[in-house]
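Participant: sequence plus the predicted model coming up.
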Amino acid sequence: MCDGPRLAGCRILLVEDNFLLAMEIEGVLSGQGCIVLGPVGTIEQALVLLEGETGPDAAVLDVDLQGRLVTPVAAALLARGVPFVLVTGYADPQLGALELQGSRRLDKPVSGPELLRTLDQLLTPG
């Protein structure tokens, strides 16, 4: 569970198929003391991590994973009550899937401070 300053100790699932972007986001999260689950680049890998003993507090999801929408992962997170933010170049109407529409979304390329601010908001009760 999250504790300490800002996001320290938060378990964040990172689903991103672009290696360089995944490493950049992982660095930003780790720099704040987050425990990064992943990064993983496929829906199947993400779903395996969700089944782990201790699930994530939140998730960062790339919308398009090798030509497939991340919808199954979003649906699994919604079912577990885990908040997530989408990192994408798509506009809301292009997202199509109900699980993705209206979700918090950050445009690529994502800025570290904006990502941290968004996760902090997602994880702050109220």
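Facilitator: Here it is on my side, so go on.
Participant: now name the helix or strand holding Val28.
Facilitator: Under the criterion of DSSP states H and E, Val28 resides in helix 19-31.
Participant: average pLDDT across that helix?
Facilitator: Mean per-residue pLDDT for helix 19-31: 96.
Participant: and it, how far out from the chain's middle?
Facilitator: Computed by C-alpha atoms, centre = their mean, to the nearest Å, the separation of helix 19-31 from the middle of its chain amounts to 12 Å.
Participant: what segments of this protein are strands?
Facilitator: Ranges of strands in the chain, per DSSP state E, are 11-15, 35-40, 58-62, 64-65, 68-69, 84-88, 104-107.
Participant: got those as JSON lines, with mean pLDDT and mean neighbour count columns?
Facilitator: (Each C-beta comes from the backbone N, C-alpha and C, glycine too.) Shown next, in JSON lines, are the strands of the chain (pLDDT from 0 to 100; neighbours: other C-beta atoms under 10 Å):
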{"stretch": "strand 11-15", "mean pLDDT": "97", "mean neighbour count": "25"}
{"stretch": "strand 35-40", "mean pLDDT": "96", "mean neighbour count": "20"}
{"stretch": "strand 58-62", "mean pLDDT": "96", "mean neighbour count": "26"}
{"stretch": "strand 64-65", "mean pLDDT": "89", "mean neighbour count": "18"}
{"stretch": "strand 68-69", "mean pLDDT": "88", "mean neighbour count": "15"}
{"stretch": "strand 84-88", "mean pLDDT": "91", "mean neighbour count": "22"}
{"stretch": "strand 104-107", "mean pLDDT": "88", "mean neighbour count": "15"}
